[in-house]
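**Q** How does the following fold in three dimensions:
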Amino acid sequence: MKVVYHPRYAEVYSSDPAAKAGRMESALREVSPLFELVTPGPAAVEDLTLVHSPRHVEDVRRMGLTYDIALLAAGGA
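**A** Modelled structure (predicted):
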């Protein structure tokens, strides 16, 4: 099994208690010996607009930091 992860995923602010600082890194330490870790590249905007409207992609881009991480998440999907 492969686990898709990029270190930038930890930069996203979330109020979800499951996103507590260090929690993801701890989980990765446990699973990394058992599974192959895959580091994704960013998705192309052309790929995003296959499933999202250009306006939505542009709205997310204007959010700044979130956009780059969203591209990585989509690239790893």
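**Q** Please make it C-alpha for all contacts and neighbour counts, starting now.
**A** Will do.
**Q** Give the other helices and strands that the lengthiest helix in the chain contacts.
**A** The longest helix of the chain (DSSP state H) is helix 65-75. If you count contacts as 3 or more CA pairs under 8 Å, 6 or more residues apart in numbering; DSSP states H and E, helix 65-75 packs onto helix 54-61.
**Q** quick one: average pLDDT of the helix it packs on?
**A** Taken as a whole, helix 54-61 has a mean pLDDT of 95.
**Q** from here on, count from 545
**A** OK, 545 is where the count begins now, so the last one is helix 598-605.
**Q** Buried residues, that helix. List them.
**A** Neighbour counts over helix 598-605 (16 or more other CA atoms under 10 Å) mark Val601 as buried.
**Q** Report the buried residues of stretch 561-570.
**A** Buried residues in stretch 561-570, counting neighbours by 16+ other CA under 10 Å, are absent.
**Q** what comes into contact with that stretch?
**A** Ala554 (CA atoms under 8 Å, 6 or more residues apart in numbering).
**Q** next structured bit after the helix or strand bottoming out on mean pLDDT in the chain?
**A** Least confident helix or strand, the chain: helix 567-575 with a mean of 85, by mean pLDDT, DSSP states H and E. Once the chain leaves helix 567-575, the next helix or strand it forms, by DSSP states H and E, is strand 580-582.
**Q** Check which helices and strands that next one sits against.
**A** For strand 580-582, the packing partners by 3+ CA pairs under 8 Å, 6+ apart come out as strand 546-548.
**Q** Show me what the strand it packs on is packed against.
**A** Packing partners of strand 546-548 (3+ CA pairs under 8 Å, 6+ apart): strand 580-582.
**Q** From the chain's centroid, how far away is stretch 605-621?
**A** In terms of CA atoms, centre = their mean, to the nearest Å, the centre of stretch 605-621 is set 7 Å apart from its chain centre.
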